[in-house]
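> fold the stuff below for me.
(one chain, ligands or ions: 1)
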Amino acid sequence: MVMRRRALFRTEPAAPMLVLCLAASLLFSSCGPARGVVKADATFGYCPVCQMKVKASDDWAAEIYYKDQTKLMFESPGDLLIFYT
Ligand SMILES: [Zn+2]
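Residues are numbered from 1 along each chain as shown. Here you go, the predicted model:
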């Protein structure tokens with residue numbers, strides 16, 4: 001019995017660290033800084049509707065410019081309309 005308790009106690013501190021690492025990685029992967037609003041002169045960004053990568057030079061790319069020198073990029077005018085409605 002004593003041996004078993006010691007073994008359990010040894011593995012215990014690892015569990016909260018594992019949960020912490022998992023939570024941190026989830027947090028950083030889900031809301032990175034490059035999603036959504038980008039600077040007005042950026043050549044690529046991510047669509048805030050479907051998270052697709054958008055190149056400003058694409059024929060169907062649509063953009064919304066804001067007064068603070070930032071913009072939102074969409075890979076199609078359809079997603080721009082979805083964003084606005
Ligand atoms: Zn999209």
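> list the contacts for residue 66?
Residues counted as contacts of residue 66 (CB atoms under 8 Å, 6 or more residues apart in numbering) are 37, 40, 72. To be clear about C-beta, it is placed using only N, CA and C from the backbone, and glycine gets the same treatment.
> give me the number of residues near the nearest residue to the second one once chain neighbours are set aside?
Here the nearest residue to residue 40 in space, its sequence neighbours aside, is residue 69; by CB to CB, 6 or more residues apart in numbering that works out to 4.6 Å. Residue neighbour count, defined by other CB atoms under 10 Å, stands at 9 for residue 69.
> enumerate the residues of the protein near the ion.
Within the chain, the positions adjacent to the ion are 47, 49, 50, 52, 75, 79 by CB under 5 Å from the ion.
> buried subset of those residues?
47, 49, 75, 79 (16 or more other CB atoms under 10 Å).
> what's the farthest-apart pair in these?
Largest separation among those by CB to CB: 49 and 75, giving 8.8 Å.
> quick check: neighbours shared by these two?
Taking CB under 8 Å, 6+ apart as the contact criterion, no residue touches both residue 49 and residue 75.
> re earlier: pipe the residues of the chain next to the ion into TSV and attach pLDDT and secondary structure per row.
Listed next are the residues of the chain next to the ion as TSV, based on pLDDT from 0 to 100; DSSP: H, G, I helix; E, B strand; the rest coil:
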residue	pLDDT	secondary structure
47	95	coil
49	95	coil
50	94	coil
52	93	coil
75	94	coil
79	96	helix
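> please name the residues that touch residue 50.
Here residue 50 is in contact with 75, 79 (criterion: CB under 8 Å, 6+ apart).
> switch the cut-off to 7 Å
Listed by CB atoms under 7 Å, 6 or more residues apart in numbering, the contact partners of residue 50 are residue 79.
> now do it against residue 60, distance only.
13 Å (CB to CB, to the nearest Å).
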